[in-house]
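K.L.:
sequence first, then the predicted structure:
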Amino acid sequence: MANPKKILNDVKRVVPEMIEGLALANDGRVYKLDGKPALIRKDIPDGKVALLIGGGSGHEPLFHGFVGKNMGDGAACGNVFAAPSPDVIAAAAKAVHRGKGVLFLYGNYAGDNMNFDMAVELLEDDGIEVRTVRVCDDVAAAPPERMHDRRGIAGDIYMIKVAGGAASELGTLDEVERVARKAQGWVRSMGVAVSAGSIPETGKLTFELADDEIEVGMGAHGEAGIARQKLKSADAIADELMDKILADLPFKRGDEVALMINNLGATTMMEMLIVNRRIRAILEREGISVHRTDVGTWLTVQEMAGFSVTLMKLDDELKRYLDMPAESLGYSRM
Amino acid sequence: MANPKKILNDVKRVVPEMIEGLALANDGRVYKLDGKPALIRKDIPDGKVALLIGGGSGHEPLFHGFVGKNMGDGAACGNVFAAPSPDVIAAAAKAVHRGKGVLFLYGNYAGDNMNFDMAVELLEDDGIEVRTVRVCDDVAAAPPERMHDRRGIAGDIYMIKVAGGAASELGTLDEVERVARKAQGWVRSMGVAVSAGSIPETGKLTFELADDEIEVGMGAHGEAGIARQKLKSADAIADELMDKILADLPFKRGDEVALMINNLGATTMMEMLIVNRRIRAILEREGISVHRTDVGTWLTVQEMAGFSVTLMKLDDELKRYLDMPAESLGYSRM
Amino acid sequence: MTGTLDASAVRDMMRAVAQSLIDQTDVLTNADLTIGDGDHGVGMRRGFEAALIALEAEEAASAEGAFKAVGTAILSNTGGAAGAVFGTLFRAGSKAFAASGVIDDASFATALEEGLAAVLKRGGVTEGQKTMVDALAPASRAARAAVGQGLAAVTAAATQGALDGVEASKAMIATTGKARSLGERSIGHPDPGAISVSLILKAMQDFTAGA
Amino acid sequence: MTGTLDASAVRDMMRAVAQSLIDQTDVLTNADLTIGDGDHGVGMRRGFEAALIALEAEEAASAEGAFKAVGTAILSNTGGAAGAVFGTLFRAGSKAFAASGVIDDASFATALEEGLAAVLKRGGVTEGQKTMVDALAPASRAARAAVGQGLAAVTAAATQGALDGVEASKAMIATTGKARSLGERSIGHPDPGAISVSLILKAMQDFTAGA
Ligand SMILES: Nc1ncnc2c1ncn2[C@@H]1O[C@H](COP(=O)(O)OP(=O)(O)O)[C@@H](O)[C@H]1O
Ligand SMILES: Nc1ncnc2c1ncn2[C@@H]1O[C@H](COP(=O)(O)OP(=O)(O)O)[C@@H](O)[C@H]1O
Ligand SMILES: [Mg+2]
Ligand SMILES: [Mg+2]
Ligand SMILES: [Mg+2]
Ligand SMILES: [Mg+2]
């Protein structure tokens, strides 16, 4: 198969060039850390609990597109599909710190865990208190009893939104951590891929699918899912994803949820809206009400075609933080 | 070439199923007109000048994803890549009308022009006053002296934002039309495609590009552009698009602009951010300042890979309406 | 050879026209893929499928009503440029049968003329811009010239006129519609809407053969 | 056969290691494409390119400093899981050369042991989870067993231990890292990080051959 056709300059410099373009696209609300691939909000209020997010590049707008008011205060960026290094994370943490400690929020991957943990150790030396909440929403990655083995996928976005809101309003790291942990416990996602993405520097697709195949439960870097299947209808795919997601928490009659359908890259919004129609019929049948819906492109896997479905159970507290206005390049709301 | 792989149910029913999913995704803020493919805001204030947008489907979230507060009051939807019919447009216009007349805002295509014009004639019989502003921002489509032959592409979004703001604030159809016409005169766009989109019902790609080819100036339905070229660097592509766009208005030293980089479907945000870096260098060199930037996915051509660049010259009035908070499925801001 | 179609025959003819266009979706898809956006075939199919249903309704019981019902079905269901122009063609053309209630050679020629006039106005085009007008206009002229020779001869002449128009459209440079952007690259390819005109008239010719 | 490398030789050896890994980017890319996300090759290349630069600096002038400089370069530039574990390996291992200032057979074996211990702690893994540890642990044991036979023998033994580990990793089911999701589908393929361990040691063996 031919290498995916992309509009790039030097494949070895995609990340620094991208970050330069990203910082500029924030219209002065965000700056790039000197000499490090990290983006920091310019107007972090004094005495605010800081929220630092981050992870590998290649998933734009996640993570580094979500720095802004009531979102992340900063983001540490890695290379494509590679966790950022401890020095970048530590430098970003110092830049966002306003005396009230820093919450680290990122996807649960061995690489991210190790690098962020090393940064925590570096920051301890500087007396900066850090708490860590890892997003592990992918129900396809491991059974419920091994939540800590689950990957973080599009649940990241709702987690950032909730933690971002909480970190703007609550006075202590304890409180912000508590809210983030509640959200973490209540968010579930699962995806499906119809075609692969690629890493610009290698130019190679990260996996191969036959013309009539899909991968159900696909991870955000092309990690294998639950099963390789023949392409089937939108309704059948929605049914399968919802079966797994609903049974997992489990979501129950009377629950209120936020629903996100996230484009992994090249899927049309038309397809996702058709899927939404079926998801809503299922939720209606199950007696679960939808507080809000997001359909769009937030966590991508380069040009992968496919989507993921995320449900987050809500109570009044989570609703409050999820619904707060927000402003960032990748996600804004009134 | 194999048909593009898509997650759909019945290809003949993509538009009604999509619209059902779209209405649901609006979380009660928007309803679907009975028996017609049109979406209407629920809370249109009495005595408001109404803004009706619309066009063919297949470009989601454009147009029907932009119905909401300070955006369109309603949208008339056609089939994929086909203008809506006069009866749908007229019914939608009646549904949004609040006694102050209706502004029709849509892309300048023969099919849209004819169908919207027929709706105007139908509405005349009902005594509803309509004004029409057609978006014709695609500099690749015709020379400046034939603006009326130009297609409407991603400039649609800024036009909806400005006209939507004006229609919320200004008391007369005259005034809203005046602002929309100013914006129309000041917006310029051009795109590039690296691969084609397809129409679900035919399953066929709308054109073919070789593995190393791009089409510069490509239209929003796969219409031919200015030239078919060999794939080149992001910087070279940015240079070519900006050359054409800047010279066209022309944008001049001291101008202030809004800058949009719009994903036509399957292009990564990484690529667009890398392009943004170059565009900003060009604007800096030309002494043109950027008031705000939007990088994302708004006007798609199904799974086409490629992007377009839009510049809109701003004065205080346009800035005011462009910067107003807005809420819709496809575009929100704080 | 009576040379006239009564209301019921008109309805049958329009059903045959609809079925013929539905059957030839792919021809139109491919033509529109070459110089347009590829939706002309499915658009015409949607319109004529709706027309088949509309022809069952009471309003379609007269010759005028059958044409108008088809036009309205196309206008509402085809969408795009074709919905507007083909809807207009049938709706405007229908008036030619209002007086007599039947289709004969003269009223058929008049219907084409009135349809053409309405399309020219709606589309803001003239002949030579590579649109369906470039088949409809010669078809209309050929039909007028054959008046007096019976309906079969008129539909045959119109079809030949349309086919000549399709052929001639190949050499034209599109200056409206989605093909406009191609400029000189549109040369060599026939206009999809012109092909549709020829298919519609050919189905009428086949239906009226020997009438 | 002196059996020891002085500071300048250590630097040269680390340059050779870096160059070897850079040259074998594709091998690592393909291994990671099969059971991971495909970035291990370019990640190691980035790390070792940075290491080549770091080795020119003053801090890299001692044996300990050279190892540490390489580890820090990898930690900051490779990123991902490999950045953390290979960075940790070289940084933790460097301490073994602090006292003597040179690399000999015993201090080399100690460096592998200390590197391994630090990696196990950092990664929270044990042997058998299909990671680079499954090459590093047998390499470390083989190195210890060969102490007394000189540096060349120790690096050769370590390389062989690592290669055996790569082979053994094929039969393992991944339970950490990006390959974890594959479960049983990971069987039959070697771990990319384990291959990197074997390539690093092989480059050291080649450099020290005859030393
Ligand atoms: N301005 C116009 N006047 C008359 N006919 C037109 C005009 N523009 C387009 N057409 C006709 O419409 C046809 C295209 O129809 P279709 O593909 O269904 O619509 P669209 O162009 O909206 O995709 C063209 O081949 C041409 O014959
Ligand atoms: N928890 C862990 N402990 C030790 N080594 C690990 C761990 N997780 C992954 N690795 C090693 O890292 C290698 C993958 O490196 P790389 O592809 O560069 O990073 P990533 O997995 O972040 O893409 C694996 O082949 C494995 O050897
Ligand atoms: Mg990785
Ligand atoms: Mg069309
Ligand atoms: Mg068409
Ligand atoms: Mg990897």
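P.N.:
The structure has been received and is ready for your questions. In this text the structure is predicted, and so the values were computed from the model without any measurement. Numbers count the residues shown, from 1 in each chain, chains lettered A, B, ... in the order given. Ligands and ions are numbered 1, 2, ... in the order given.
K.L.:
could I get the CA-only coordinates of stretch A:221-229 as CSV?
P.N.:
Output of stretch A:221-229 as CSV, limited to C-alpha atoms (Å, rounded to 0.1, in the frame of the first residue of the first chain):
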residue,chain,number,x,y,z
HIS,A,221,-2.5,4.3,18.5
GLY,A,222,-3.9,1.4,16.4
GLU,A,223,-3.6,-1.0,19.3
ALA,A,224,-5.7,-4.1,18.6
GLY,A,225,-9.2,-4.2,19.8
ILE,A,226,-11.6,-6.9,20.8
ALA,A,227,-12.2,-8.4,17.4
ARG,A,228,-11.6,-8.0,13.7
GLN,A,229,-14.9,-8.2,12.0
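K.L.:
close to chain C, is the top helix by length along chain A?
P.N.:
Identified as the longest helix of chain A according to DSSP state H is helix A:269-286. No. Helix A:269-286 does not reach chain C (CB under 8 Å from any CB of the partner chain); its nearest approach is 14.4 Å. All C-beta atoms are positioned from the backbone trio N, CA, C, and that covers glycine.
K.L.:
so which helix or strand of chain C has the lowest pLDDT on average?
P.N.:
helix C:25-35 (a mean of 95; mean pLDDT, DSSP states H and E).
K.L.:
close to ligand 1, is the next helix or strand after that helix?
P.N.:
Per DSSP states H and E, helix C:25-35 leads on to helix C:40-54 as the next helix or strand towards the C-terminus. Yes. Counting by CB under 6 Å from any ligand atom, ligand 1 has neighbours in helix C:40-54: C:40, C:43.
K.L.:
per-residue confidence averaged over helix C:40-54?
P.N.:
Helix C:40-54 carries an average pLDDT of 98.
K.L.:
is ligand 4 contacted by that helix?
P.N.:
No. Helix C:40-54 stays clear of ligand 4 (CB under 5 Å from the ion), getting no nearer than 6.8 Å.
K.L.:
how far off centre is stretch A:239-250?
P.N.:
Relative to its chain's centre, stretch A:239-250 lies at 20 Å (CA atoms, centre = their mean, to the nearest Å).
K.L.:
what does stretch C:40-57 give?
P.N.:
13 Å.
K.L.:
repeat that for stretch A:202-215.
P.N.:
22 Å.
K.L.:
for stretch A:310-323, same thing?
P.N.:
With CA atoms, centre = their mean, you get 16 Å for stretch A:310-323.
K.L.:
so which bits of that stretch are buried?
P.N.:
Residues A:310-314, A:318-319, A:321-323 are the ones in stretch A:310-323 that count as buried (16 or more other CB atoms under 10 Å in any protein chain shown).
K.L.:
ditto for stretch C:152-172
P.N.:
Neighbour-count burial for stretch C:152-172 flags C:152-166, C:168-169, C:172 (criterion: 16+ other CB under 10 Å).
K.L.:
got it, and stretch C:97-104?
P.N.:
Going by 16+ other CB under 10 Å, stretch C:97-104 has these buried residues: C:97, C:102-104.
K.L.:
got it, and stretch C:59-67?
P.N.:
Buried residues in stretch C:59-67, counted by 16+ other CB under 10 Å: C:60, C:62-67.
K.L.:
can I get the CA coordinates of it in PDB?
P.N.:
The C-alpha trace of stretch C:59-67 is given here as PDB (Å, rounded to 0.1, in the frame of the first residue of the first chain):
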ATOM      1  CA  GLU C  59     -54.200  15.600  -9.200                       C
ATOM      2  CA  ALA C  60     -52.300  13.700 -11.900                       C
ATOM      3  CA  ALA C  61     -55.500  12.500 -13.600                       C
ATOM      4  CA  SER C  62     -55.300  15.100 -16.500                       C
ATOM      5  CA  ALA C  63     -52.600  15.500 -19.100                       C
ATOM      6  CA  GLU C  64     -51.700  18.800 -17.500                       C
ATOM      7  CA  GLY C  65     -51.900  17.300 -14.100                       C
ATOM      8  CA  ALA C  66     -49.600  14.400 -14.900                       C
ATOM      9  CA  PHE C  67     -46.900  16.700 -16.200                       C
END
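K.L.:
that one vs chain B: in contact?
P.N.:
No. Using CB under 8 Å from any CB, stretch C:59-67 never reaches chain B; the gap is at least 15.3 Å.
K.L.:
what about residue 20, how many residues nearby?
P.N.:
Because you didn't say which chain, this covers chain A. 20 (other CB atoms under 10 Å in any protein chain shown).
K.L.:
other chain: chain C
P.N.:
17.
K.L.:
does it belong to a helix, a strand or coil?
P.N.:
helix (DSSP: H, G, I helix; E, B strand; the rest coil).
K.L.:
quick one on the thing from earlier: if you look at the buried residues of stretch C:59-67, which of them are in helices?
P.N.:
Using DSSP H, the buried residues of stretch C:59-67 in helices are C:63-67.
K.L.:
which residues in chain A form strands?
P.N.:
Under the criterion DSSP state E, strands of chain A are mapped to A:30-32, A:38-41, A:50-57, A:74-80, A:102-107, A:130-135, A:187-195, A:198-199, A:204-205, A:213-216, A:227-230, A:256-263, A:289-296, A:305-313.
K.L.:
turn those strands into TSV, columns for mean pLDDT.
P.N.:
TSV is the format used below for those (pLDDT from 0 to 100):
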stretch	mean pLDDT
strand A:30-32	98
strand A:38-41	98
strand A:50-57	98
strand A:74-80	98
strand A:102-107	98
strand A:130-135	98
strand A:187-195	97
strand A:198-199	94
strand A:204-205	92
strand A:213-216	96
strand A:227-230	93
strand A:256-263	98
strand A:289-296	98
strand A:305-313	98
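K.L.:
between these, which gets nearest to ligand 3?
P.N.:
Set against ligand 3 and scored by CB to the ion, the strands of chain A come closest in strand A:50-57, at 6.1 Å.
K.L.:
if I take that closest one and helix B:269-286, what angle do their directions form?
P.N.:
110 degrees (axes from the mean of the first three to the mean of the last three CA atoms, to 10 degrees).
K.L.:
can you show me the CA trace of strand A:50-57 as PDB?
P.N.:
Extracted in PDB, the C-alpha atoms of strand A:50-57 (Å, rounded to 0.1, in the frame of the first residue of the first chain):
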ATOM      1  CA  ALA A  50      -3.100  24.000  38.200                       C
ATOM      2  CA  LEU A  51      -4.200  21.400  35.700                       C
ATOM      3  CA  LEU A  52      -1.400  19.900  33.500                       C
ATOM      4  CA  ILE A  53      -2.400  17.600  30.700                       C
ATOM      5  CA  GLY A  54      -0.300  16.000  28.000                       C
ATOM      6  CA  GLY A  55       0.700  13.000  26.000                       C
ATOM      7  CA  GLY A  56       2.000  12.100  22.600                       C
ATOM      8  CA  SER A  57       1.400  14.200  19.600                       C
END
